[in-house]
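Peer 1: Here is a sequence together with a model predicted from it:
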Amino acid sequence: MRKPWALQSELSAAAGCAALLAVQVGDNAVYVDWAGTDEPFDYALSRSLRSALPRTAAGRVLLASLPEADRRAVVAQEPDTRAGVDLLAEAAEIRAQGYAVVDSGHAMETMAAVAVPVTESGRVVAAAALAAPSEVVAARLPDLVRSLEEWSSRLTGARTSPDPASGP
């Protein structure tokens with residue numbers, strides 16, 4: 001995987017949103033790098049660098065990528081059975097569509113995030129997210145997902161389409 005910080009700053013500047021990178025540690029999403037945050041967002045993020053997988057968009061992407069038994073073990077920690085059922089259904093939806101969107105009100109009111117998996121050699125190794133006011137995420141969702149997918153490919157060195165200059 002390439003070093004993310006320069007690419008992450010580019011992503012944040014191009015998207016006009018905070019860009020975040022999270023990895024899974026146990027049953028948590030841990031934010032290992034971010035760019036483009038203002039002071040209140042930076043403070044809120046620094047207070048929740050480690051969040052339970054179901055609480056954030058990046059965490060839900062990581063949760064969705066887990067093997068079924070591991071995913072169920074994490075979801076089983078939910079005290080509300082209905083919430084657990086909803087999380088499992090959402091995980092299937094995330095795998096199918098390739099991204100998660102979550103209201104980030106637990107950290108900052110009116111904020112939301114969209115996240116995609118970062119894959120290397122066919123396995124999810126991290127989740128990349130863009131966070132912005134909820135109305136911005138809703139209005140620009142397809143563009144934000146596309147930006148995240150391109151960034152993820154650049155980060156891992158993957159190409160989204162063949163390079164004609166490279167030959168067969």
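Peer 2: Received the coordinates, thanks.

Peer 1: State the pLDDT value of the closest residue to Arg123 other than its chain neighbours.
Peer 2: Among residues not flanking Arg123 along the chain, Ser65 sits closest, at 7.9 Å (CB to CB, 6 or more residues apart in numbering). For glycine as for every other residue, the C-beta is placed from the backbone atoms N, C-alpha and C. On the pLDDT scale, Ser65 is placed at 97.

Peer 1: What about Ser65, how many residues nearby?
Peer 2: 19 (other CB atoms under 10 Å).

Peer 1: measure it to Ala132 for me?
Peer 2: Remark: distance between Ser65 and Ala132 (CB to CB, to the nearest Å) = 24 Å.

Peer 1: which residue ranges form the strands in the chain?
Peer 2: Remark: strands assigned in the chain by DSSP state E are 18-25, 28-35, 50-52, 100-103, 111-120, 123-133.

Peer 1: And stretch 8-28, what's buried?
Peer 2: Across stretch 8-28, burial judged by 16 or more other CB atoms under 10 Å covers 8, 11-12, 15, 17-24, 27-28.

Peer 1: Just read off the phi/psi values of Asp27.
Peer 2: With angles defined as degrees, to the nearest 10, Asp27 shows backbone torsions of phi -100, psi 20.

Peer 1: My guess is it contacts Gln77. True?
Peer 2: Yes - using CB atoms under 8 Å, Asp27 is in contact with Gln77, at 7.0 Å.
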